[in-house]
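>>> how would this look folded up:
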Amino acid sequence: MIKTSDLLAKKCQHTETGLDDASLPIYLAATPGWEQQGPRIVKTYQFKNYYETLAFVNAIAYVIHVEDHHPELVVTYNRCVVKFDTHTVNGGRGGISENDFICAAKVDTVHQQTFC
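Presented below is the predicted three-dimensional model:
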């Protein structure tokens, strides 16, 4: 069993190995609210207004930079959709790796500490 605290203690590493289908539910259980959508994991964060949305994007920018694992962000007035995948897995075709869940846990922590 993987816990959120386990993911928070890790740093992203270069990898060409994605998670297998049996591991995905275990990692998803450790990161509530994240869901698999094809070869990526996705979560939508809601905010009161555009200022809070941009503050969140700026807050996670540091985490993303330090981990060197960059998501796709869809930013609207009061919402930010965060999509993580790892481009180097599956022979360069992309997919989901542990790095995606490490960053998901860290982005959740920023959200919880700042906006909840």
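
>>> the strands in this protein, which residues?
Applying DSSP state E to the chain gives strands spanning 35-37, 40-46, 72-76, 79-84.

>>> strands paired with the last one, and their directions?
Going back to what we said before, that points to strand 79-84. strand 40-46 (antiparallel), strand 72-76 (antiparallel) (DSSP bridges).

>>> hey, which of the strands of the chain is tucked in deepest?
Comparing the strands of the chain by mean neighbour count (mean count of other C-beta atoms under 10 Å), strand 79-84 ranks first with a mean of 19. Bear in mind the C-beta positions are built from the backbone N, C-alpha and C, glycine included.

>>> Outside of that one itself, list whatever touches it.
By C-beta atoms under 8 Å, 6 or more residues apart in numbering, the residues outside strand 79-84 that reach it are 37, 40-47, 53, 56-57, 60, 69, 71-74, 96, 99-101, 103-104, 107.

>>> same thing but 7 Å
40-47, 53, 56-57, 71-74, 100, 103-104, 107 (C-beta atoms under 7 Å, 6 or more residues apart in numbering).

>>> what distance separates it from the centre of its chain?
8 Å (C-alpha atoms, centre = their mean, to the nearest Å).

>>> again, but for stretch 42-59
For stretch 42-59, the separation from the chain centroid amounts to 14 Å (computed by C-alpha atoms, centre = their mean).
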